[in-house]
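Participant: fold the following, please.
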Amino acid sequence: MTAPRTQDRAERRRADGADRPLGAAAVVVGGGLAGITAALELADAGMGVTLVEGRPRLGGLAFSFRRGELTIDNGQHVYLRCCTAYRWFLDRVDAAGLAPLQRRLDVPVLDVGHPSGRPRLGRLRRTGLPVPLHLAASLATYPHLSLAERAKVGRAALALGGLDLDDPALDGEDFASWLRRHGQSPRAVEALWDLVGVATLNATAGQSSLGLAAKVFKTGLLSEPGAADIGWARVPLGELHDTRARAALEAAGVRTELRTRATAITRGEDGGWHVDIESGTGAAERLDADAVVLAVPQRETHGLLPEGALDAPDRLLEIGTSPILNLHVVYDRKVLRQPFFAALGSPVQWVFDRTDSSGLGGRADGGQYLAVSQSAAHEDIDRPVAELRERYLPELERLLPAARGATVRDFFVTRERTATFAPDPGVGRLRPGAPTNAPGLYLAGAWTATGWPATMEGAVRSGVTAAGAALSGLGRPHRNPLWEAS
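Facilitator: Numbering: from 1, shown residues only. As a prediction, the model looks like this:
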């Protein structure tokens, strides 16, 4: 059923005349957040849009699946208040209330590497004071750093705030080298910079471009007091990125074809485009379009690009990837009383309580379901489940004493070996913009030149940019919704 707010929005577009056909058609290849966004923007501008997606669902790598009676997210995804594009997306698909933000940033950080041997709790949280004072009290009392380290962190943050994000030289340097030059100890990198950076960049400081790291910290921590407040879905991700997104696409008049892949993209003699598609049943069809948006990963994009569309198409193959591993643990009782926490002194990174969103919370036999999110998981991504269980269950018991007497009802793993593009130093020169050399053909995806690392925010921004470029190329008016959202 279409959400009432989506119906209202569609009625407003009809009243404004935006639904009148403009005599132009578009094909969007890829049904992740970038593709969904591009399709919605093109349809909202009055174009006839077909979206094709090879999977049986929308949402790309931010999706849900069923396991017995539970609904499981493939991985824990969060966003920040500064992610204005993703917040706009949630509103556009009528899902903003399903993924609320914290009132104020508050991150419990448990350290089990303390000499006492007992977990030591610290918190990273903000006040309502202006930047940079909003984090001053938290930093001054952060127990996982020495007094001298805290002072040096403050000075490094001020230096980071002075970097020019438009300086291309930042792309070629790694973040760890910059941190060392600014007096950051290995402990400060572990307990603060990598605590945030690994989760947002999917790489350690040594493997991250200074430019992308500066984008994360300047935007999230140094732009405005509430910028880093954390939001996450309180329902399965599939409700947001598939169910609600499909309803919004349908209301906008988009033809959505799942289990369908593009096999070739060619230029017609009249200057238009032909997109050959094939469904899972083997049925083939040719779609004609005035504009095509390729919103698929870089290797798939490389395979579909017509000759001459990019000056150096093989650069796409030089963009590396980084894995994310998620461990899913179902206990017979409640072992965690916080909605989430981050860990130090342990291979465990971030732990989230997904009991209610999975459906376990409503069951009579109780229990608790925790999702352990492991970014930059190169060492663990291919370990057998039995090894991961042996490695991580004792770590959870170290972090959560209540888990020591609990029974593990279920333990399973989800792996995304190519979860994100790798934010290596120099990656910026490899990321293409939305327009190509071929008029009418555009690129989208978090891996394109968004200025952001591989996040849901970057994916949505790329879809808006690609749609705007397509409409401009057709001489159609386009109002960037992110200007209003920011």
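
Participant: apart from its neighbours in sequence, what residue is nearest residue 38?
Facilitator: residue 463 (4.0 Å; Cβ to Cβ, 6 or more residues apart in numbering). Quick note: C-beta positions are derived from backbone N, CA and C, even for glycine.

Participant: if you could redo that for residue 235, that was the one I meant.
Facilitator: residue 98 (4.8 Å).

Participant: cool, residue 442 as well?
Facilitator: Distances taken as Cβ to Cβ, 6+ apart place residue 466 nearest to residue 442, at 4.3 Å, with adjacent residues excluded.

Participant: tell me who's in contact with that neighbour.
Facilitator: 34, 38, 293, 295, 434, 442-444, 448 (Cβ atoms under 8 Å, 6 or more residues apart in numbering).

Participant: same question for stretch 464-478, mean pLDDT?
Facilitator: Taken as a whole, stretch 464-478 has a mean pLDDT of 94.

Participant: how about stretch 241-259: buried residues?
Facilitator: Neighbour counts over stretch 241-259 (16 or more other Cβ atoms under 10 Å) mark 241-249, 251-254, 256-258 as buried.

Participant: now that stretch: mean pLDDT?
Facilitator: For stretch 241-259, mean pLDDT rounds to 98.

Participant: span of it from start to end?
Facilitator: End-to-end distance of stretch 241-259 (Cα to Cα, to the nearest Å): 16 Å.

Participant: what mean pLDDT does stretch 445-453 get?
Facilitator: pLDDT averaged over stretch 445-453 gives 97.

Participant: what does stretch 29-37 contact?
Facilitator: Contacts for stretch 29-37 (Cβ under 8 Å, 6+ apart): 28, 51-53, 55, 57-62, 86, 89, 93, 241, 245, 248-249, 256, 258, 262, 265, 275, 292-296, 304, 444-446, 456, 459-460, 462-464, 466-467.

Participant: with just CA atoms, put it into PDB.
Facilitator: Extracted C-alpha coordinates of stretch 29-37, given in PDB (Å, rounded to 0.1, in the frame of the first residue of the first chain):
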ATOM      1  CA  VAL A  29      20.500   0.800 -14.400                       C
ATOM      2  CA  GLY A  30      20.900  -0.200 -10.700                       C
ATOM      3  CA  GLY A  31      18.400  -0.200  -7.800                       C
ATOM      4  CA  GLY A  32      20.600   0.800  -5.000                       C
ATOM      5  CA  LEU A  33      20.200   4.200  -3.200                       C
ATOM      6  CA  ALA A  34      21.900   6.000  -6.100                       C
ATOM      7  CA  GLY A  35      19.700   4.500  -8.700                       C
ATOM      8  CA  ILE A  36      16.500   4.900  -6.700                       C
ATOM      9  CA  THR A  37      17.300   8.500  -6.100                       C
END
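
Participant: quick one on the thing from earlier: just the buried positions in the helix or strand encompassing the residue nearest to residue 38, please.
Facilitator: Secondary structure assigned from DSSP states H and E places residue 463 in helix 456-473. Residues of helix 456-473 classed as buried by neighbour count (16+ other Cβ under 10 Å): 456-471.

Participant: and which of the contacts of residue 466 is nearest to residue 237?
Facilitator: Nearest to residue 237 out of the contacts of residue 466 is residue 34 (Cβ to Cβ; 15.7 Å).

Participant: just checking, next helix/strand downstream of the helix or strand harbouring the closest one?
Facilitator: Per DSSP H and E, residue 34 falls inside helix 33-44. The helix or strand immediately downstream of helix 33-44 is strand 48-52, counting by DSSP H and E.

Participant: tilt between that following strand and helix 456-473?
Facilitator: 140 degrees (axes from the mean of the first three to the mean of the last three Cα atoms, to 10 degrees).

Participant: so what secondary structure elements neighbour strand 48-52?
Facilitator: Contacts defined by 3 or more Cβ pairs under 8 Å, 6 or more residues apart in numbering; DSSP states H and E place strand 48-52 against strand 25-29, helix 33-44, strand 255-257, strand 260-267.

Participant: 10 Å - rerun?
Facilitator: strand 25-29, helix 33-44, helix 245-251, strand 255-257, strand 260-267, strand 273-279, strand 284-289, strand 291-294 (3 or more Cβ pairs under 10 Å, 6 or more residues apart in numbering; DSSP states H and E).

Participant: lowest-pLDDT helix or strand in the protein?
Facilitator: When each helix and strand of the chain is scored by mean pLDDT, DSSP states H and E, helix 4-16 comes last, with a mean of 47.

Participant: quick one: the strands in the stretch 301-450 of the chain?
Facilitator: With DSSP state E, counting those that start in this stretch as the criterion, the stretch 301-450 of the chain has strands at 321-331, 340-344, 350-353, 368-375, 408-421, 441-443.

Participant: ditto for the stretch 101-250 of the chain
Facilitator: Using DSSP E, counting those that start in this stretch, the strands found in the stretch 101-250 of the chain span residues 106-111, 120-125, 230-232.

Participant: for residue 193, find the nearest of the ones you listed.
Facilitator: Of all the strands of the stretch 101-250 of the chain, strand 120-125 sits nearest to residue 193, with 11.9 Å by Cβ to Cβ.

Participant: quick one: the closest one to strand 340-344, angle?
Facilitator: Orientation check (the same axes, to 10 degrees): strand 120-125 against strand 340-344 gives 120 degrees.

Participant: please write out the alpha-carbon positions of strand 120-125 in PDB.
Facilitator: The C-alpha coordinates for strand 120-125 follow below in PDB (Å, rounded to 0.1, in the frame of the first residue of the first chain):
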ATOM      1  CA  ARG A 120      36.200   0.700  31.400                       C
ATOM      2  CA  LEU A 121      33.500   2.900  30.100                       C
ATOM      3  CA  GLY A 122      34.000   6.300  28.500                       C
ATOM      4  CA  ARG A 123      31.600   8.400  26.400                       C
ATOM      5  CA  LEU A 124      32.000  10.600  23.400                       C
ATOM      6  CA  ARG A 125      29.100  13.100  23.600                       C
END
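
Participant: could you list the buried residues of that strand?
Facilitator: The neighbour-count check on strand 120-125 (16+ other Cβ under 10 Å) flags 120, 122, 124-125 as buried.

Participant: that strand pairs with which strands, parallel or anti?
Facilitator: strand 106-111 (antiparallel) (DSSP bridges).
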